[in-house]
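Participant: here are the coordinates; sequence isn't available:
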Ligand SMILES: [Cu+2]
């Protein structure tokens with residue numbers, strides 16, 4: 001009976017784990033994950049190592065304190081003939097020890113934490129800059145100096161599902177409320193500076209795999225940077241309660257190789273450059289619609305349409 005039950009459980013867990021493993025990204029949280037995720041950037045690894053240092057110090061302290069309590073409770077108990085020492089009320093030596101040891105531990109943790117924190121705010125020598133603007137309820141991305149910008153909002157399928165009122169399961173949408181129409185494409189192994197602001201209320205741009213979140217505040221430009229080590233899709237959300245649709249402004253970062261990024265950027269620039277057509281004055285006016293016509297379906301299919309998204313913001 002017991003063995004049968006165990007087999008049932010094992011089969012159930014295995015069948016549950018299989019689809020999860022198939023879709024899992026390197027930095028996605030896993031079911032029953034206990035520890036903090038490592039992320040995919042230098043900063044997220046720094047946060048992870050600072051966390052692990054603190055965790056192991058806590059583990060050692062826990063073992064020592066609870067071990068001492070266990071010894072006191074089980075070895076020195078009244079039933080074993082232990083007699084309380086009523087004269088022991090003060091020990092300067094002990095007080096010095098329990099003051100100095102925590103101070104040393106705090107300094108031990110503060111040194112790496114401070115240097116990592118300073119590195120986290122050092123946005124110098126970035127290879128490129130992306131301006132992130134929060135709106136109720138979407139994001140706008142400007143690739144500064146490239147002339148590429150677009151808005152990124154909840155994908156239509158999630159939007160329809162959420163308004164349908166039905167109970168949504170993973171079968172309906174694999175990334176329900178975590179998908180967008182236009183993803184933020186970034187190159188790997190590049191120091192990318194973000195300037196983050198908002199147009200209406202306070203939002204916060206947060207992709208856990210990158211290892212930080214930054215407030216997007218109207219009238220203030222906050223800075224952050226990243227250097228993604230692994231290509232992949234990294235999802236996040238607005239992390240500041242910003243209004244009724246706060247839960248419906250996800251973030252999707254697609255990290256690609258530098259070559260692929262340059263190709264993508266060239267595509268975006270080509271789509272964003274309608275003045276290229278009037279550059280040939282000899283061409284008949286009919287040339288413009290034929291030029292534009294093939295671009296529209298291609299843009300819609302590429303899932304990173306900028307030409308149609310940009311006016312949506314202006315309006
Ligand atoms: Cu928001």
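Facilitator: Cool, the structure landed. Values in this document were obtained by computation on a predicted structure and should not be read as measured data.

Participant: biggest helix in this structure by residues?
Facilitator: Counting by DSSP state H, the longest helix found in the chain is helix 42-75.

Participant: next, the buried residues of that one.
Facilitator: The neighbour-count check on helix 42-75 (16 or more other CB atoms under 10 Å) flags 42-44, 46-48, 50 as buried. Every C-beta, even on glycine, is put in place using the N, C-alpha and C of the backbone.

Participant: distance to residue 98 and pLDDT for those residues - can I get that in a markdown table?
Facilitator: Compiled in a markdown table, the buried residues of helix 42-75 are given as follows (distance: CB to CB, whole Å; pLDDT from 0 to 100):
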| residue | distance to residue 98 | pLDDT |
| --- | --- | --- |
| 42 | 37 | 90 |
| 43 | 35 | 91 |
| 44 | 35 | 93 |
| 46 | 31 | 92 |
| 47 | 29 | 92 |
| 48 | 30 | 93 |
| 50 | 24 | 92 |
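
Participant: quick one: low-confidence ranges for the protein?
Facilitator: By pLDDT under 70, the low-scoring segments of the chain are 1-26, 274-315.

Participant: can you list the residues of it near the ion?
Facilitator: 203, 238, 242 (CB under 5 Å from the ion).

Participant: in strands, which of the residues you listed fall?
Facilitator: In this view, those that belong to strands under DSSP state E are 203, 238.

Participant: look up how far the ion lies from the spatially most central residue of the chain.
Facilitator: Closest to where the C-alpha atoms of the chain average out (CA atoms, centre = their mean) is residue 207, at 1.7 Å. Relative to the ion, residue 207 is positioned 14 Å away (criterion: CB to the ion, to the nearest Å).

Participant: now for that residue: which residues touch it?
Facilitator: The contact partners of residue 207, by CB atoms under 8 Å, 6 or more residues apart in numbering, come to 234-236, 251, 253.

Participant: which non-adjacent residue is nearest it?
Facilitator: residue 236 (3.4 Å; CB to CB, 6 or more residues apart in numbering).

Participant: neighbours around that neighbour, how many?
Facilitator: Counted with other CB atoms under 10 Å, the neighbours of residue 236 add up to 19.

Participant: which elements pack onto the strand or helix carrying it?
Facilitator: Counting by DSSP states H and E, the element that carries residue 236 is strand 232-238. Judged by 3 or more CB pairs under 8 Å, 6 or more residues apart in numbering; DSSP states H and E, the packing partners of strand 232-238 are strand 203-207, strand 250-256.

Participant: the shortest one: partners in the sheet, and parallel or antiparallel?
Facilitator: When pairs are called by DSSP bridges, strand 203-207 turns out to pair with strand 212-216 (antiparallel), strand 232-238 (antiparallel).

Participant: ok, and what's touching the longest one?
Facilitator: Under the criterion CB under 8 Å, 6+ apart, residues 25-28, 40, 134, 137, 139, 175, 178, 183, 203-210, 228, 246-247, 249-255 lie in contact with strand 232-238.

Participant: now list the buried members of those.
Facilitator: 27-28, 40, 134, 137, 139, 175, 178, 183, 203-210, 228, 246, 249-255.

Participant: next one: whatever helix or strand residue 115 lives in to chain centre, how far?
Facilitator: Secondary-structure assignment from DSSP H and E places residue 115 in helix 92-120. Its chain's C-alpha centre and that of helix 92-120 lie 29 Å apart, by CA atoms, centre = their mean, to the nearest Å.

Participant: swap in stretch 70-84?
Facilitator: Centroid separation for stretch 70-84 versus its chain: 51 Å, with CA atoms, centre = their mean.

Participant: what lies in contact with that stretch?
Facilitator: Counting contacts by CB under 8 Å, 6+ apart, no residue outside stretch 70-84 touches it.

Participant: and what of stretch 104-116?
Facilitator: Under CB under 8 Å, 6+ apart, the answer for stretch 104-116 is 43, 46-47, 49-50, 53-54, 57.

Participant: what is the nearest of the residues you listed to residue 147?
Facilitator: Closest to residue 147 out of the contacts of stretch 104-116 is residue 43 (28.5 Å), distances taken as CB to CB.

Participant: quick check: the gap between the residue sitting furthest away from the middle of the chain and the ion.
Facilitator: For the chain, the residue at maximal distance from the C-alpha centroid (CA atoms, centre = their mean) is residue 81, at 58.5 Å. Separation of residue 81 from the ion (CB to the ion) stands at 66 Å.

Participant: torsion angles phi and psi at that residue?
Facilitator: Dihedral pair for residue 81: phi 90, psi 20, per degrees, to the nearest 10.

Participant: ok, residue 196 touching residue 132?
Facilitator: Yes - with contacts counted by CB atoms under 8 Å, residue 196 reaches residue 132, the gap being 4.6 Å.

Participant: where do the contact lists of these two overlap?
Facilitator: Joint contacts of residue 196 and residue 132 (CB under 8 Å, 6+ apart) are 205, 216.

Participant: can you give me the helices in the stretch 101-250 of the chain?
Facilitator: Applying DSSP state H, counting those that start in this stretch to the stretch 101-250 of the chain gives helices spanning 156-164.
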